[in-house]
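Novice: dropping a prediction and its sequence here:
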Amino acid sequence: MIHSMTAFATAKGAHLGHSWVWELRGVNGKGLDLRLRVPDWIDGLEPALRAKLGQAMTRGNVALSLRVTSEDASGQMAVNPDRLEDVLRAMALVEDRAMACGLSLAPGTAADILSLRGVLEAGAGESDTSALCAALLADFDPVLNDFLAMRASEGAALAQVLRAQLDEISRLTTAARSLLESRSADVARAHQNALLRLRDAMPDLDPARLAQELALLAVKLDVTEELDRLTAHITATRSLLDAGSPLGRKIDFLTQEFNREANTLCSKAQHTSLTEIGLNLKTVIDQMREQVQNVE
């Protein structure tokens, strides 16, 4: 089974006088990029969540958001002094740099500062958050499972698309092979006519040298190796799809190789039908490469 890097999951929960909302989003990425926005006053929560996410997937840009609110008086909004100190230092640095450049900045208000993330938090005054952290981690597991289920469902749909595109590449490759004999005859006739024109225009040319050059040209125009490599790439890609995720980087590499062979086929074709097949191959390969970008 392959997995898509695109997914979404959300859920609500409540426990120990707190309520919360989870939101987990994922899109495609070259590696695994985890971006978490969770309350930093809950000790140990963020590293534990990072560990769960890191064990569950290998690629994708993943954004996790958690909003926690307190349902009792003991959990009133409170200022996080460490975060406030960081913000004030940053503001002082910005103002100094602005003054050095001759710029005048509007003064910041207390409301502006309190609106910044992490300065004012619900429950920030709690001393022991271990029970809340445990409850949140247990509640996160179903959210993560829903997220992974969507990645698997999207991946199954992607697999069908990729297999259909591979079938079309295979069909076009077979069609190209079927043209080789007639194409060879057409090319030979074209070369023979060119040779006759050269002999008429330049009767002193060495026939043996001309024959040698024509033989070399025929070798350069041979596309058997390109078609053989296309067939090998098709087999390798199907094996990867059967093996399952993670495979995105490997298939992405193979699509580059597919494209290389299709380009060479077009450049060597010198035959209308073979050129058309080469262009159709490039179109399908480009479509396939776009889909592969979403595969883990």
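Specialist: In hand now; what should we look at?

Novice: strands of this protein, residue ranges please.
Specialist: Assigned by DSSP state E, the strands in the chain fall at 7-15, 18-27, 32-37, 60-70, 77-79, 120-122.

Novice: which of those sits closest to Leu132?
Specialist: With Cβ to Cβ, the closest approach to Leu132 among the strands of the chain belongs to strand 18-27: 6.0 Å. For every residue, glycine as well, the C-beta is placed using N, CA and C.

Novice: who are the packing partners of the closest one?
Specialist: Helices and strands touching strand 18-27, as assessed by 3 or more Cβ pairs under 8 Å, 6 or more residues apart in numbering; DSSP states H and E, comprise strand 7-15, strand 60-70, helix 130-201.

Novice: and the angle for the first one with helix 130-201?
Specialist: Taking axes from the mean of the first three to the mean of the last three Cα atoms, to 10 degrees, one finds that strand 7-15 is oriented at 180 degrees with respect to helix 130-201.

Novice: may I have strand 7-15 as CSV, with CA atoms only?
Specialist: Output of strand 7-15 as CSV, limited to C-alpha atoms (Å, rounded to 0.1, in the frame of the first residue of the first chain):
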residue,chain,number,x,y,z
ALA,A,7,-4.5,14.5,4.6
PHE,A,8,-6.6,16.3,7.2
ALA,A,9,-8.0,15.4,10.6
THR,A,10,-9.7,17.3,13.4
ALA,A,11,-11.2,16.5,16.7
LYS,A,12,-12.4,18.0,20.0
GLY,A,13,-11.9,16.7,23.6
ALA,A,14,-12.3,17.6,27.2
HIS,A,15,-10.8,16.4,30.5
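
Novice: can we start the residue count at 15 from this point?
Specialist: Okay, using 15 as the starting number, the last item reads as strand 21-29.

Novice: which parts of it are buried?
Specialist: Ala21, Ala23, Gly27 (16 or more other Cβ atoms under 10 Å).

Novice: what is the nearest of the residues you listed to Leu241?
Specialist: Distances from Leu241 to the buried residues of strand 21-29, taken by Cβ to Cβ, are shortest for Ala21, at 38.3 Å.

Novice: give the contact list for the residue nearest to the closest one when sequence neighbours are not counted.
Specialist: Nearest residue to Ala21, sequence neighbours excluded (Cβ to Cβ, 6 or more residues apart in numbering): Met164, at 3.9 Å. Listed by Cβ atoms under 8 Å, 6 or more residues apart in numbering, the contact set of Met164 reads Ser18, Ala21, Phe22, Ala23.

Novice: got the contact list for stretch 287-294?
Specialist: By Cβ under 8 Å, 6+ apart, stretch 287-294 touches Leu186, Ala189, Ala190, Leu193, Arg197, Val237, Ala276, Asn277, Leu279, Cys280, Ala283.

Novice: for it, which positions count as buried?
Specialist: Residues of stretch 287-294 classed as buried: Leu288, Glu290, Ile291, Gly292, Asn294 (neighbour count, 16+ other Cβ under 10 Å).

Novice: out of these, which one sits closest to Leu102?
Specialist: The closest of the buried residues of stretch 287-294 to Leu102 turns out to be Asn294 (Cβ to Cβ; 63.1 Å).

Novice: burial of Leu98, as a residue count?
Specialist: When neighbours are defined as other Cβ atoms under 10 Å, Leu98 has 16 of them.

Novice: would you confirm that it contacts Ala124?
Specialist: No: using Cβ atoms under 8 Å, Leu98 is not in contact with Ala124; the gap is 10.5 Å.

Novice: follow-up on the earlier one: let's have the buried residues of stretch 287-294 in JSON lines, adding distance to Leu172 and pLDDT.
Specialist: Formatted as JSON lines, these follow (distance: Cβ to Cβ, whole Å; pLDDT from 0 to 100):
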{"residue": "Leu288", "distance to Leu172": "31", "pLDDT": "91"}
{"residue": "Glu290", "distance to Leu172": "28", "pLDDT": "94"}
{"residue": "Ile291", "distance to Leu172": "26", "pLDDT": "95"}
{"residue": "Gly292", "distance to Leu172": "26", "pLDDT": "94"}
{"residue": "Asn294", "distance to Leu172": "22", "pLDDT": "97"}
